[in-house]
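Undergrad: just the structure for this:
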Amino acid sequence: MSSHQLEFMKKSPNIAILLNIFEEHLDHYKSFQGYIDAKCNIFRNQNKGDYFIYNIDNETLVSNMSNTNQKLLSVSVKGNKDANCYLKDDDVYFNNEKIYSRNEKRNLKGTYNLNNIMFALCVCKILSLDFEKAKESIANFKTLPHRLEFIKNIDGVDYYDNSIAT
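TA: Coordinates of the predicted model:
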């Protein structure tokens, strides 16, 4: 959800994810803290049995997580071993168990997409979903047109159309 959708939210989902907080949309908010507060509404009204999955690498986010009573799961693409889910070398670990390799077939290229995959794998763990089916879905996922869309390999070089990326 966007910060604009979260700004006036009074309820939170049972499983909430917050990937990051950076200085954005300051033309709308009176301050950076106002933007942070809006983003944090995703988890602010969760209950004891709910889950909040967050990016432990984002210091702004971590410093604004107070009075949380839900179950916390942290993700680190930077290899922070204090995280529940972290990247070490080429492998993704969940509670120190290898669950995925960055070298597995996937159409979602780049470290930021691997980070998104790690969050999705955390949800799979929470919901006790079939990991082999999850990995198959990741491998077969097709990107939207013009969003890291594979075009062609020419002389060993892969070409992608990413013309509508922000």
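Undergrad: all strands for the protein, in order.
TA: 15-18, 51-55, 71-76, 85-88, 91-94, 97-101, 149-154, 157-161 (DSSP state E).
Undergrad: restrict the fourth one to CA atoms and write it as CSV.
TA: The C-alpha trace of strand 85-88 is given here as CSV (Å, rounded to 0.1, in the frame of the first residue of the first chain):
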residue,chain,number,x,y,z
CYS,A,85,15.7,-14.3,6.9
TYR,A,86,19.1,-13.3,5.5
LEU,A,87,21.3,-13.6,2.5
LYS,A,88,24.7,-15.2,3.0
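Undergrad: next one: that strand to chain centre, how far?
TA: 13 Å (C-alpha atoms, centre = their mean, to the nearest Å).
Undergrad: ditto for the second one
TA: Taking the mean of its C-alpha atoms, strand 51-55 sits 9 Å from the chain's own mean (C-alpha atoms, centre = their mean).
Undergrad: quick one: average pLDDT of that strand?
TA: Mean pLDDT, strand 51-55: 97.
Undergrad: let me know the angle separating that strand from strand 71-76.
TA: 20 degrees (axes from the mean of the first three to the mean of the last three C-alpha atoms, to 10 degrees).
Undergrad: strands paired with strand 51-55, and their directions?
TA: strand 15-18 (parallel), strand 71-76 (parallel) (DSSP bridges).
Undergrad: now render those strands as TSV, adding mean pLDDT.
TA: Below are these laid out as TSV (pLDDT from 0 to 100):
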stretch	mean pLDDT
strand 15-18	97
strand 71-76	97
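Undergrad: most tightly packed of the strands of the chain?
TA: strand 51-55 (a mean of 23; mean count of other C-beta atoms under 10 Å). Using the backbone N, CA and C atoms, a C-beta is placed for each residue, glycine as well.
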